[in-house]
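# Quick one, what's the 3D model for this:
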Amino acid sequence: MAERKMITAALPYANGPVHIGHLAGVYIPADVYARFQRRLGKDVAFICGSDEHGIPITIRAKKEGVTPQDIVDKYHEIIKKSFHDLGISFDEYSRTTSKKHYEVSQDFFTNLYQKGKFAEEVSEQYFDEQAGEFLADRYIVGTCPNCGYENAYGDQCEKCGATLSPSELINPHSMLSGNVPILKETKNWYLPLNDYEDFLNEWIIEGHKEDWKPNVYGQVKSWLNDGLKPRAMTRDLNWGIPVPLPGAEGKVLYVWFDAPIGYISFTQQWAEKNGKNWKDYWQNENSDLVHFIGKDNIVFHCIIFPAMMKAHGDYILPKNVPAFEFLNLENDKISTSRNWAVWAHEYVEEFPGQQDVLRYALLSSAPETKDNNFTWKDFQTKNNSELVGIFGNFINRVAVLIHKYYDGVVPAGNENAEELNEISKYAREIETFLEHFEFRNALSSLMNLARFGNQFLQSEEPWKTIKENPEKAANSLFIAAQIAVGLAQISEPFMPFSSAKLLKMFKVDQLHWQEIETQKILIRTGHKINPAELLFSKIEDETIDFQIQKLENTKQSNAKTNPNAAPMKDEIQFDDFTKIDLRTATILEAEKVEKADKLLKLKVDTGIDVRTVVSGIAESFTPEELLGKQVMILLNLAPRKIRGIESQGMLLLTTKPDGKLAFVTPDEKVENGIEIG
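The predicted structure follows:
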């Protein structure tokens, strides 16, 4: 078994924060695996970083009216802090806009180019004439040919998951202008994936039939059965890594060419800072490469990236790609565009000191082989019933009883007691599960050891036997102390913050995993422990209700036909409405109010009188253009003084998309004084 572990986690797009779907499907399992491998004594490089060249970045930038660099700078920091706050123990977290990444990506491309691995092709690509630029796949939207979804992207349908090309879309149109794009010739460099079919069939279909997850193996097999086609490794874009060839101005490396190379460039950054040789991790057969990804990235990590590395010739191939399925939220698909998510940075703020609760809840619901679901009620139950009621309860009882009866000193007991075998049994069980990427089963084993400890204490009842049989009570708490320290040790990959508290509470050092599996005695007789510290606290209904209401507010907001519409005001009764007197009227005179840039003084013919109205519309209208304008007026509004002028009513206006005001007026000219309603 290889002594080095090169572990990567999918690069998150820096166009928004990370949410619980990302955490459950990639980052928490990857962190558990990396922490566990370190505990086995392996030389681990756990690498990740922000993907800052994806089309989602430019889409977000256009939407917010800022530059792509502004977007990535903002979200890189948010994402990086979220990972740190949740204990994701990356050895290096970098970004694809770094100088080193540009150099490594361009060198990789040049290497393949000089070896003749690319096919240079002139093809017709979609071009937006109004925007004056070629359209990346994600900027083309149309109807999916597979499921009929009308908002499928040019590279993928997010409804049925089908991978597409823009030419397959029905009724394609540009996201930039909304126009139907034209086809225009352009030159790009293609990697002929069809040349690598035999290699991929031998390596994956034959070589990993038994040890890769069925969802990964099945998807790769399906792709290969359908036959691979050449894929462009360059794009006509202005945001990304420039293609390092003469005559390639205005072209950048395809994001799925440069992004996985980030694993390599980030490893080089880490190695330089830590006196390591990066080639030991990427170009040495004594290293295991493991990619943690979501199922939507399988094709890139199991077909395109391995083909790139095979074409290069110097790199090892992944030992495993344990891709996860998707996590739903409250029985609905997580969606960043609909804000249907639980955001990592918000969780850390709203649940201070409870990072491990989220790690535990997401691991126990991890979508390992099929899509799974997260609900706030289930989160509450897992915390209150399992972490507080089982795990925390056992630890607290052990520490409290040792302090109560033995002044915090571990009493003497039978060092060959049969119960002590449970610790090593569960440690070995967890090792087997984690080596096979079965995180939910591993977590269950951890909790089963806590259950065993509780059952043992309950059957022994040292609080009763302390008087009639003090030797038995001492033995019970000696054994319970070993189990408690066992939990402190083996919980670390899953719940690192709680493990650190426990190690401090019991005043012990972290052990190698093999020591937990072989040593029966983890804390010696006579060892003094610290007082009990609360590990987990009960989460009350009102806390969960608040989170559920946040999602309900999101659902209501998503139901709006106009996302910019203000919320509805308080409900009124019909009788309240009948009191309102709305009339048609005509503006006779208009003039500016002195020393008030926004105010106009108007003379208005209401049909029953001529009255003065002061209105804050001077930034949208000149006095001259208002003369003779027919308007609607709220007639029976109580008068009030504005800048010393008594205003007798209010005109009805609304705001246009450009921020200017517009009058609410009748379709046709009518007499003044006509009632509305």
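
# Find the nearest non-adjacent residue to residue 500, please.
residue 492 (7.9 Å; Cβ to Cβ, 6 or more residues apart in numbering). (Glycine included, C-beta is placed from N, CA and C.)

# That neighbour and residue 501 touch, don't they?
No - counting by Cβ atoms under 8 Å, residue 492 stays clear of residue 501, with 11.0 Å between them.

# quick one: which of those two has more around it?
residue 492 (23 against 18; other Cβ atoms under 10 Å).

# Doesn't the more buried one lie inside a helix?
No - Residue 492 is assigned coil when assessed by DSSP: H, G, I helix; E, B strand; the rest coil, not a helix.

# Would you mind listing the residues in contact with it?
Neighbour list for residue 492: 35, 39, 499, 500, 510 [criterion: Cβ atoms under 8 Å, 6 or more residues apart in numbering].

# In terms of helices and strands, where is the third one?
I take that to be residue 499. Assigned by DSSP states H and E, residue 499 belongs to helix 496-505.

# Alpha carbons of that helix, as PDB, please.
What follows is helix 496-505, C-alpha atoms only, in PDB (Å, rounded to 0.1, in the frame of the first residue of the first chain):
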ATOM      1  CA  PRO A 496     -12.100  17.400  15.200                       C
ATOM      2  CA  PHE A 497     -13.300  20.200  17.400                       C
ATOM      3  CA  SER A 498     -15.000  17.900  19.900                       C
ATOM      4  CA  SER A 499     -12.000  15.500  19.800                       C
ATOM      5  CA  ALA A 500      -9.700  18.300  20.700                       C
ATOM      6  CA  LYS A 501     -11.900  19.200  23.700                       C
ATOM      7  CA  LEU A 502     -12.000  15.600  24.800                       C
ATOM      8  CA  LEU A 503      -8.200  15.100  24.500                       C
ATOM      9  CA  LYS A 504      -7.800  18.300  26.600                       C
ATOM     10  CA  MET A 505     -10.500  17.100  29.100                       C
END
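
# Bridge partners for residue 601, pull those for me.
Beta-bridge partners of residue 601, counted by DSSP bridges, are residue 591, residue 614.

# Just to check, it is in contact with residue 614?
Yes - taking contacts as Cβ under 8 Å, residue 601 lies within contact range of residue 614: 5.7 Å.

# shared neighbours of those two, which are they?
Shared contacts of residue 601 and residue 614, defined by Cβ under 8 Å, 6+ apart, are found at 593, 645.

# residue boundaries of the helices in the stretch 51-200 of the chain?
55-64, 68-85, 99-114, 197-200 (DSSP state H, counting those that start in this stretch).

# For the last one, which residues meet the burial criterion?
It refers to helix 197-200. Neighbour-count burial for helix 197-200, counted by 16 or more other Cβ atoms under 10 Å, picks out residue 200.

# cool, the second one as well?
Neighbour-count burial for helix 68-85, with 16+ other Cβ under 10 Å as criterion, is recorded at 68, 71, 72, 73, 74, 75, 76, 78, 79, 80, 82, 83.

# With pLDDT and distance to residue 28 added, can I get these in CSV?
Shown next, in CSV, are the buried residues of helix 68-85 (pLDDT from 0 to 100; distance: Cβ to Cβ, whole Å):
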residue, pLDDT, distance to residue 28
68, 93, 29
71, 94, 26
72, 96, 24
73, 96, 26
74, 95, 24
75, 95, 20
76, 97, 20
78, 97, 18
79, 97, 14
80, 98, 16
82, 98, 12
83, 98, 10
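
# which ones are touching residue 253?
Contacts of residue 253 by Cβ under 8 Å, 6+ apart are 53, 105, 106, 109, 233, 234, 235, 240, 241, 242, 243.

# ok, and the most crowded of those residues?
In the contacts of residue 253, the most neighbours by other Cβ under 10 Å go to residue 53, 32 neighbours.

# in what helix or strand does the spatially closest residue to that one that is not a sequence neighbour lie?
Among residues not flanking residue 53 along the chain, residue 240 sits closest, at 4.5 Å (Cβ to Cβ, 6+ apart). Using DSSP H and E, residue 240 maps to neither a helix nor a strand.

# ok, now how distant is residue 240 from residue 374?
Between residue 240 and residue 374 the distance is 34 Å, computed by Cβ to Cβ, to the nearest Å.

# Ok, residue 55 next?
In terms of Cβ to Cβ, residue 55 sits 28 Å off from residue 374.

# ranges for the strands of the stretch 351-500 of the chain?
372-374 (DSSP state E, counting those that start in this stretch).

# any residues touching the helix or strand of the chain with the lowest mean pLDDT, and which ones?
Between all helices and strands in the chain, the lowest mean by mean pLDDT, DSSP states H and E belongs to helix 574-578, at a mean of 72. Identification of contacts with helix 574-578 by Cβ under 8 Å, 6+ apart yields residue 677.

# again, but for stretch 83-93
Stretch 83-93 has contacts (Cβ under 8 Å, 6+ apart) with 9, 18, 23, 27-28, 30-31, 34-35, 44-50, 80, 266-267, 269-270, 344-345, 348, 355-356, 358-359, 496-497.
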